[in-house]
Structure formats: structure tokens, C-alpha cells
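In: predicted model and sequence below, questions to follow.
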Amino acid sequence: MTIDIITVGSLKEDYLQKGIDEYQKRISAYARVQVTELKEARVANEDDATAVARALDSEAEKILARLPSDAYRIALCVEGKQYDSVALAQLIDEGCAKSGKLALVIGSSHGLSEQVKRACDVRLSVSKLTFPHQLMRLMLTEILYRSLTITAGKRYHK
């Protein structure tokens with residue numbers, strides 16, 4: 001299985017990178033992970049809805065250029081559906097059964113454009129809480145590892 005994580009913004013904190021590296025190492029027993037970091041579009045006035053929309057459109061172009069068309073595509077967004085760990089593992093397993101490819105998209109601090117969400121097969125919400133995008137990357141790698149161990153019948157998931 002191949003997993004592509006497409007994220008807008010770069011990871012700055014060393015402690016988060018160490019956690020991500022650890023989970024990616026664990027995931028490597030089940031899948032190959034590739035992370036693509038895209039530059040976040042700058043918005044001079046965060047209260048200007050038009051400027052935010054332009055930024056999201058700019059980011060969407062970059063995301064869609066990198067989003068594999070033959071993968072099972074998941075957009076992380078607040079309005080997405082929430083799953084428990086077992087149901088998410090099943091969703092990922094079933095979604096990847098055809099191509100063996102999974103692509104997950106984490107948007108910028110402004111979210112994701114509707115165009116990107118429509119290009120994905122599933123809209124996933126990890127929580128009703130809001131998290132920084134850098135922390136979400138760490139959480140996502142743990143979630144992926146948990147899902148893969150559930151599918152493989154391992155004891156990590158309790």
C-alpha cells in the first residue's frame with residue numbers, strides 16, 4: 001500500500017517531527033508513506049472573505065495537481081464524518097482494496113476549498129475540536145498506524 005499525505009504548510013516544531021517520524025517508521029511495516037508539503041497562500045487580512053477564498057483557490061490548484069486520481073482520497077475537514085477507530089480502519093481497507101493507494105489531504109489554517117473536498121472520496125473529521133495543522137499531522141500518522149494495525153489484527157489497538 002502507498003499512502004500520500006498532502007499538507008498545506010510546513011512542519012516547524014522538532015518534537016512534532018520526531019513523533020511523526022516514529023509513526024512513519026512503524027507504518028513502514030505496512031505501507032510506504034510519502035508526505036508532500038505545499039506552501040500556504042498568504043492572506044493579508046484574515047477577515048476578508050474574498051482574500052481567504054482566493055487563497056483557498058490557489059492552494060486547491062497545488063493540491064489537485066498532487067492528488068493521485070487512482071488513490072482512495074480523504075479530505076480532513078471539520079464538516080466531515082467522524083468514525084471510531086475500527087470503522088475508520090475498515091473504511092481505509094475497503095477504499096484501498098482496488099488500487100492499494102491512499103491519499104489524505106490536510107488544508108491550511110483556512111481549511112480546504114470546496115473543489116478539493118469534491119475531488120475526494122470521503123470527508124473525514126477527526127474531532128469536533130480544532131487542532132493546529134502541525135499537530136494534526138502527528139495525530140494523522142498515529143491514526144493511520146492504528147488503522148493499519150487493526151486491519152492486520154495486531155494488538156496495538158485496545
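Out: Now that the structure is in, tell me what you want to look at.

In: C-alpha only now, for contacts and for neighbours.
Out: Fine.

In: got the CA positions of the strand ranked longest in the chain in PDB?
Out: Longest among the strand segments of the chain by residue count, using DSSP state E, is strand 72-81. Presented in PDB, the C-alpha positions along strand 72-81 are these (Å, rounded to 0.1, in the frame of the first residue of the first chain):
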ATOM      1  CA  TYR A  72      -8.700   6.500  -2.400                       C
ATOM      2  CA  ARG A  73      -8.800  10.200  -1.400                       C
ATOM      3  CA  ILE A  74      -9.700  11.500   2.000                       C
ATOM      4  CA  ALA A  75     -10.100  15.200   2.900                       C
ATOM      5  CA  LEU A  76      -9.700  16.200   6.500                       C
ATOM      6  CA  CYS A  77     -12.300  18.800   7.300                       C
ATOM      7  CA  VAL A  78     -14.400  20.000  10.100                       C
ATOM      8  CA  GLU A  79     -17.700  19.100   8.500                       C
ATOM      9  CA  GLY A  80     -16.500  15.600   7.600                       C
ATOM     10  CA  LYS A  81     -17.900  12.400   9.100                       C
END
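
In: so what does it touch, helix or strand wise?
Out: Helices and strands in packing contact with strand 72-81 are listed as helix 85-96, strand 101-106, helix 114-119, strand 122-124; criterion 3 or more CA pairs under 8 Å, 6 or more residues apart in numbering; DSSP states H and E.

In: can I get stretch 31-46 in CSV, CA atoms only?
Out: Extracted C-alpha coordinates of stretch 31-46, given in CSV (Å, rounded to 0.1, in the frame of the first residue of the first chain):
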residue,chain,number,x,y,z
ALA,A,31,2.8,0.8,3.7
ARG,A,32,5.1,3.3,2.0
VAL,A,33,4.4,6.9,3.1
GLN,A,34,5.1,10.0,1.1
VAL,A,35,4.5,13.5,2.5
THR,A,36,4.1,16.5,0.2
GLU,A,37,4.2,19.9,1.9
LEU,A,38,2.7,22.7,-0.1
LYS,A,39,3.2,26.4,0.6
GLU,A,40,0.3,28.1,2.3
ALA,A,41,-1.1,31.1,0.4
ARG,A,42,-0.7,34.3,2.3
VAL,A,43,-3.7,36.3,3.3
ALA,A,44,-3.1,39.9,4.3
ASN,A,45,-6.4,40.4,6.0
GLU,A,46,-7.8,37.2,7.7
